[in-house]
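Asks: What follows is a predicted structure for the sequence shown.
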Amino acid sequence: MKRVLVITYYWPPSGGSGVQRWLKTSKYLPENGWEPVIYTPLNPDLNSVDQSLSRDVPPGLKVIKRKITEPYGFYKLLSGKKKGELLQANMVVGQKKGFIQRVSGYIRANWFIPDPRCWWIGPSVRFLSKRIRSGEGFDAVVSTGPPHSMHLIAMALHKRFNIPWLADFRDPWTKIFYFKHLGLSQKSLRKHKALERSVLEQADRVAVVSSQMKEDFSTGEYSDFAGKITVIPNGYDPADFSSENNPELASAEQQIKTVLDAGMFVVVHTGLMPESANPDMFWKVLGDEVKSNPELGKKLMIVTMGQTCRSVVECIAENGLSDNFKDLGYVPHATSVAWQKRADLLLLPLRKEIESKAILTGKFFEYLASGNRILAFGPTDGNLALELRNTGSGTICRFDDIDSIRKAFMELSHAAAPTAQQMEYGKQYSRIAGAASFAENLNQITKENKI
């Protein structure tokens, strides 16, 4: 069996979306002839922790951990956070920033390039080089970002040892939505673009999660790299949705049954919902419906879990929905899946940014696997809109189109479950299929390297 070194910042007990892609891929890669070896920080600063994800780490999987030094300790000192307190997602990118956030944002953008994990690059290259020279062999290396410092570690190993390299982009680099808000100097911007170009130029293969990302990495100044860009979308793990061999899911499903009456109408959102993704017109539509239909008010339950911005909670309250609302905060992944399966309507708001056209989140595929209807918010001509049409799993509306939102809510709240044909279409997005795609690309670049 061939061995691949996977360089990733996110690994259990890290929670959230960043860990899922390579945790699940590593689970299924051995079925495709590849043994993954994980390289990850020993002491990362995390947004969330989910100890339950450790059950997905395959028995016998080799995980190499090395200490990382990050500047977030200084930020915590300035902001009064305690040692060990979890960082908030996008903490230097918020729309409304205090003095500390503005200073932190400027420092983060212009002093730490490509990201605050850059201090780990040099030590990691030396550490891994020593292991390789001592006889630990790898047939290929994969880097997954963000953070994009992981790509720079892999690039150095690729140069030194001529190891075939696949660079995996879970999100864009310079075209991600928050990049324009970072306050980059022209010098810093040029450096980011030069590093991005180096990765695209030197990697043997570049994987991205959506067709729009592929287009962004294949046109204009990057047109020379079109032949090496491949789309491997995010997906869902079928095992996560079957309680038969998943005691955590079975327990979570039973707990939900004990707290909900059978006739409740449940609207669910899982994961991060920042201010820039607040579906404010939907809360207005829902508030209006509750006022005009008291019976709906008695049955309605809005459930969020993960990280929900305070402004979202305030908007829900302003529309008279506080009594119908429950924020669970961070929950184990199995609990999140159980609520997705129970939902009558799943909310999927993208960011109110033009770059959202290229976003196809892992959350969409989990929603798809639940078999329940999706109401999304964002560009109606982007990748998410296309997949909603292809799967017949829901509707997407512009954030400000209240008439379309009202119509979509009424239609989806009375819609039947997706057809067998639609669910069959969705199977191509399983993590099993994704692992097979990664293995195929790894086979290709190792074969090309020998020619």
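Replies: Received the coordinates, thanks. A quick note: this is a predicted structure, and the numbers were derived from the prediction, not measured.
Asks: can you give me the strands in the stretch 151-300 of the chain?
Replies: 165-169, 205-208, 229-231, 265-273, 300-308 (DSSP state E, counting those that start in this stretch).
Asks: a markdown table please, covering these and showing mean pLDDT, distance to residue 361 and mean neighbour count.
Replies: All C-beta atoms are positioned from the backbone trio N, CA, C, and that covers glycine. Listed next are those as a markdown table, based on pLDDT from 0 to 100; distance: least, Cβ to Cβ, whole Å; neighbours: other Cβ atoms under 10 Å:
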| stretch | mean pLDDT | distance to residue 361 | mean neighbour count |
| --- | --- | --- | --- |
| strand 165-169 | 98 | 14 | 26 |
| strand 205-208 | 98 | 14 | 24 |
| strand 229-231 | 96 | 15 | 18 |
| strand 265-273 | 96 | 8 | 21 |
| strand 300-308 | 96 | 12 | 20 |
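Asks: which element is residue 365 on?
Replies: helix 362-370 (DSSP states H and E).
Asks: so how far is that helix off the chain centroid?
Replies: Here helix 362-370 shows a centroid-to-chain-centroid distance of 12 Å under the convention Cα atoms, centre = their mean, to the nearest Å.
Asks: List the buried residues in the longest helix belonging to the chain.
Replies: Ranked by number of residues, the top helix in the chain under DSSP state H is helix 431-450. Going by neighbour count (16 or more other Cβ atoms under 10 Å), the buried part of helix 431-450 is 431-432, 434-439, 441-443, 445-446.
Asks: could I have stretch 212-229 exported to PDB, CA atoms only?
Replies: This file holds the C-alpha atoms of stretch 212-229, laid out as PDB (Å, rounded to 0.1, in the frame of the first residue of the first chain):
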ATOM      1  CA  GLN A 212     -16.400  28.200  -9.600                       C
ATOM      2  CA  MET A 213     -13.200  27.800  -7.600                       C
ATOM      3  CA  LYS A 214     -11.700  25.800 -10.500                       C
ATOM      4  CA  GLU A 215     -12.600  28.600 -12.800                       C
ATOM      5  CA  ASP A 216     -11.000  31.100 -10.500                       C
ATOM      6  CA  PHE A 217      -7.800  29.100 -10.500                       C
ATOM      7  CA  SER A 218      -7.800  28.400 -14.200                       C
ATOM      8  CA  THR A 219      -8.500  31.700 -15.900                       C
ATOM      9  CA  GLY A 220      -6.800  35.100 -16.400                       C
ATOM     10  CA  GLU A 221      -3.400  35.200 -14.800                       C
ATOM     11  CA  TYR A 222      -3.800  31.600 -13.700                       C
ATOM     12  CA  SER A 223      -4.700  30.200 -17.100                       C
ATOM     13  CA  ASP A 224      -1.500  28.200 -17.300                       C
ATOM     14  CA  PHE A 225      -2.600  26.000 -14.400                       C
ATOM     15  CA  ALA A 226      -6.000  24.900 -15.800                       C
ATOM     16  CA  GLY A 227      -4.800  21.400 -16.600                       C
ATOM     17  CA  LYS A 228      -3.900  20.600 -13.100                       C
ATOM     18  CA  ILE A 229      -7.000  21.800 -11.300                       C
END
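Asks: Please give the centre-to-centre distance between that stretch and its chain.
Replies: 22 Å.
Asks: ok, residues contacting it?
Replies: 169, 172, 175, 197, 200-201, 203-206, 208, 230-231, 357-358, 382-383 (Cβ atoms under 8 Å, 6 or more residues apart in numbering).
Asks: sorry, back to before: and the average pLDDT for the longest helix of the chain is what?
Replies: Averaging pLDDT along helix 431-450 yields 93.
Asks: which strands and helices sit next to that helix?
Replies: The contact analysis (3 or more Cβ pairs under 8 Å, 6 or more residues apart in numbering; DSSP states H and E) places helix 431-450 against strand 2-7, helix 20-28, strand 34-41, strand 140-145, strand 165-169, strand 205-208.
Asks: what residues does that helix touch?
Replies: 2, 4, 21, 24-25, 27-29, 31-34, 139-140, 142, 162, 164-166, 204-205, 207, 230, 232-238, 427.
Asks: Now do the contacts for the closest residue in space to residue 370 that isn't next to it in sequence.
Replies: Closest residue in space to residue 370, ignoring its immediate chain neighbours: residue 340 at 4.2 Å, by Cβ to Cβ, 6 or more residues apart in numbering. Residues counted as contacts of residue 340 (Cβ under 8 Å, 6+ apart) are 268, 270, 346, 366, 367, 370, 372.
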